[in-house]
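Q: Sequence first, predicted coordinates after that:
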Amino acid sequence: MSKVLAIETSCDDTCAAVLDGDKILSNIISSQVDLYKKWGGVVPNIAKRAHSERIETVVAEALKRAFRLKAQKYAGDYIAEGMKKIDLIAVTYGPGLAVALGVGIDMAKELARNYGKKLVAVNHVEGHIMSNFLKNSCGKPLRKIRFPALVLTVSGGHSKIVLMKGIGIYEVVGETLDDAAGEALDKVAKLMGLGYPGGAVIERLAKKGDENFLKLPRPMKGRKGFDYSFSGLKTSFYYTIRDWSKERISENYENLAASFQTAVFESLLGRFEKAVDYYKPVSLLASGGVTANVELKNRLRKLARKKGLVICLPWDKKLSTDNAAMIGVAGWHKAKRGELVKNVDKLDREARAELG
C-alpha cells in the first residue's frame with residue numbers, strides 16, 4: 001500500500017496530496033484565507049461551501065501532478081484515471097471544524113467505495129507531528145529520528161507537548177487550557193486592527209520592534225506540570241491598550257507585535273524546556289503552523305543546542321501549515337500497522353478528537 005491519496009479539510013484549507021510511502025509526489029493546498037478577511041476569522045458555513053466547491057478539483061490536481069496524467073476535459077476524468085494507481089486513501093477525521101471535516105470525509109468515503117480502495121482515518125495533530133517524517137520525491141532529507149522524542153506542536157487550533165515513544169505511540173504531557181498560541185496571535189492582531197490572519201503580520205512587524213516595550217505576564221510560569229494558557233496573556237494585552245488612540249496603536253505596531261510575540265514564544269519555550277528536563281528525550285521535534293515563524297524556529301534551535309539535542313522541523317514551510325501530505329504519511333504508517341477503517345460507511349468526523 002505504498003501509493004497514498006490523502007485528503008485534509010479540517011479548517012480553512014482544502015488539501016489533497018499523493019505520496020509514495022513517505023515521499024511526496026504532489027501536495028495541493030487551496031487556501032480560503034481571502035474569504036474570511038472581512039469577517040476576521042473562519043465562518044463555518046462559508047468554509048463548508050468552499051470545501052465542497054473545491055474538493056473535487058483539488059483531488060484531481062493532486063492525482064494529475066503526481067502521475068503526470070494526460071490532459072483531460074473534466075476533473076472527474078483525472079480522478080478516474082489517477083485512482084487506478086492508488087492503493088490507500090487517508091483522510092483527516094478530527095480535530096477541527098465539524099462541517100469542514102465532513103466534506104473531506106465524504107469525499108474519501110465516496111472514492112473508497114467507488115474504486116474499492118482501503119481507507120485510513122488520521123488525527124490532524126498526529127499529521128502535524130508526522131510532517132517531520134516526510135521526504136521529497138527523491139527521498140530527501142534523510143533523517144534518523146531517535147526515540148523517545150519530545151514534540152512541540154503548535155498552531156491556531158492546538159498547542160501541545162507530546163512525548164513520542166515511537167511512531168503511533170504518543171502521550172500528551174502538556175496542552176493549552178484555553179486559547180492556542182496561534183489563536184492568541186490572531187486575536188491580538190485583530191485587536192490592533194491588523195486583519196486576518198494575523199500571525200504572519202505579527203511576525204513581520206515584530207522583526208523591527210522592541211520586545212520589551214510592554215511588560216506582559218508569562219502565564220503558568222512557576223506552576224507545576226507542562227500545560228499552557230494564553231487567554232490571560234491576551235486579556236492583559238487588551239487592558240494595556242484599550243484606552244489607547246488608534247494613532248498611538250498604529251505608531252507602535254512594531255513594538256506591540258514584538259512584545260506580544262515574545263511573550264507567547266517565551267511561554268511556549270519555557271514550558272517545553274521544563275518538559276525536556278523532566279522527560280530527558282534523545283531528540284526534539286516541532287510542528288504546526290506557528291512553527292513556520294522564523295523567530296520561533298531560531299528559539300527552538302537555540303534551546304536544542306543548549307540541551308545538546310538534535311531538533312527536527314518540517315523541511316518546507318508548506319509542511320508546517322495544514323496540508324494533506326502530513327495526513328498521507330501518518331496514514332501510510334497507520335496502514336502498515338493494520339489500523340484501517342473496517343466499515344467505510346460508519347466513519348464519521350470527530351471535531352474534538354484527542355491524540356492517542
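A: Here it is on my side, so go on.

Q: Would you state the helices of the stretch 201-350 of the chain in chain order?
A: Using DSSP state H, counting those that start in this stretch, the helices found in the stretch 201-350 of the chain span residues 231-241, 246-251, 253-279, 294-307, 317-320, 325-336.

Q: of all these, which lies closest to residue 205?
A: Of all these, helix 253-279 sits nearest to residue 205, with 3.8 Å by CB to CB. C-beta coordinates here come from the backbone N, C-alpha and C atoms, glycine included.

Q: so that closest one versus helix 231-241, what angle?
A: 160 degrees (axes from the mean of the first three to the mean of the last three CA atoms, to 10 degrees).

Q: Report the buried residues of helix 253-279.
A: Neighbour counts using 16 or more other CB atoms under 10 Å place 253-265, 267-272, 274-276 of helix 253-279 among the buried residues.

Q: counting contacts, what elements does it pack onto?
A: If you count contacts as 3 or more CB pairs under 8 Å, 6 or more residues apart in numbering; DSSP states H and E, helix 253-279 packs onto strand 149-154, strand 159-166, strand 169-175, helix 181-191, helix 199-206, helix 231-241, helix 294-307.

Q: Could you dump these into CSV with distance to residue 89 added?
A: Below are the helices and strands packed on helix 253-279 laid out as CSV (distance: least, CB to CB, whole Å):
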stretch, distance to residue 89
strand 149-154, 24
strand 159-166, 24
strand 169-175, 23
helix 181-191, 28
helix 199-206, 31
helix 231-241, 38
helix 294-307, 32
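
Q: Need the winner for burial among the ones you listed.
A: strand 149-154 (a mean of 27; mean count of other CB atoms under 10 Å).

Q: quick one on the thing from earlier: can you check which of the helices of the stretch 201-350 of the chain gets nearest to residue 116?
A: Of all the helices of the stretch 201-350 of the chain, helix 325-336 sits nearest to residue 116, with 15.4 Å by CB to CB.

Q: circling back: of all the helices and strands packed on helix 253-279, which lies closest to residue 64?
A: helix 199-206 (29.4 Å).

Q: now for that closest one, which elements pack on it?
A: helix 181-191, helix 253-279, helix 294-307.

Q: chain center to the second one: distance?
A: What that stands for is helix 253-279. Centroid separation for helix 253-279 versus its chain: 19 Å, with CA atoms, centre = their mean, to the nearest Å.

Q: I'd like to know how far residue 51 sits from residue 115.
A: Computed as CB to CB, to the nearest Å, the residue 51 to residue 115 distance reads 21 Å.

Q: Equivalent analysis for residue 95, please.
A: 28 Å.

Q: More neighbours: which of those two?
A: residue 95 (21 against 15; other CB atoms under 10 Å).

Q: Spatially nearest residue to the more buried one, not counting backbone neighbours?
A: residue 353 (4.6 Å; CB to CB, 6 or more residues apart in numbering).

Q: Nearest the geometric middle of this protein, what residue?
A: Residue closest to the mean C-alpha point of the chain, counted by CA atoms, centre = their mean, is residue 288 at 3.8 Å.

Q: So that residue is in contact with residue 320, correct?
A: Yes: in this structure, residue 288 is within contact of residue 320 by CB atoms under 8 Å, at 6.6 Å.

Q: Contacts for the stretch of helix or strand residue 92 belongs to, please.
A: Assigned by DSSP states H and E, residue 92 belongs to strand 88-94. For strand 88-94, contacts defined as CB atoms under 8 Å, 6 or more residues apart in numbering pick out 1, 3-10, 101, 104-105, 107-108, 111-112, 117-124, 127, 327-328, 330-332, 334-335, 347-353.

Q: Check stretch 327-335 too.
A: Stretch 327-335 has contacts (CB under 8 Å, 6+ apart) with 1-2, 4-8, 15, 17-19, 21-22, 24, 88-92, 118, 120, 122-124, 126-127, 129-131, 133-134, 167-168, 340.

Q: any idea of the mean pLDDT in that stretch?
A: In this model, stretch 327-335 carries a mean pLDDT of 98.

Q: about what we covered before: mind listing what the residue nearest to the centre of the chain touches?
A: Applying CB under 8 Å, 6+ apart, the residues contacting residue 288 are 128, 153, 154, 155, 158, 182, 320.

Q: Determine which two of these are furthest apart.
A: Among these, the pair separated by the greatest distance (CB to CB) is 158 and 320, which sit 13.5 Å apart.

Q: follow-up on the earlier one: with distance to residue 78 as added columns, please give the helices of the stretch 201-350 of the chain in CSV.
A: Conversion of the helices of the stretch 201-350 of the chain to CSV gives the following (distance: least, CB to CB, whole Å):
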stretch, distance to residue 78
helix 231-241, 45
helix 246-251, 48
helix 253-279, 42
helix 294-307, 36
helix 317-320, 22
helix 325-336, 18
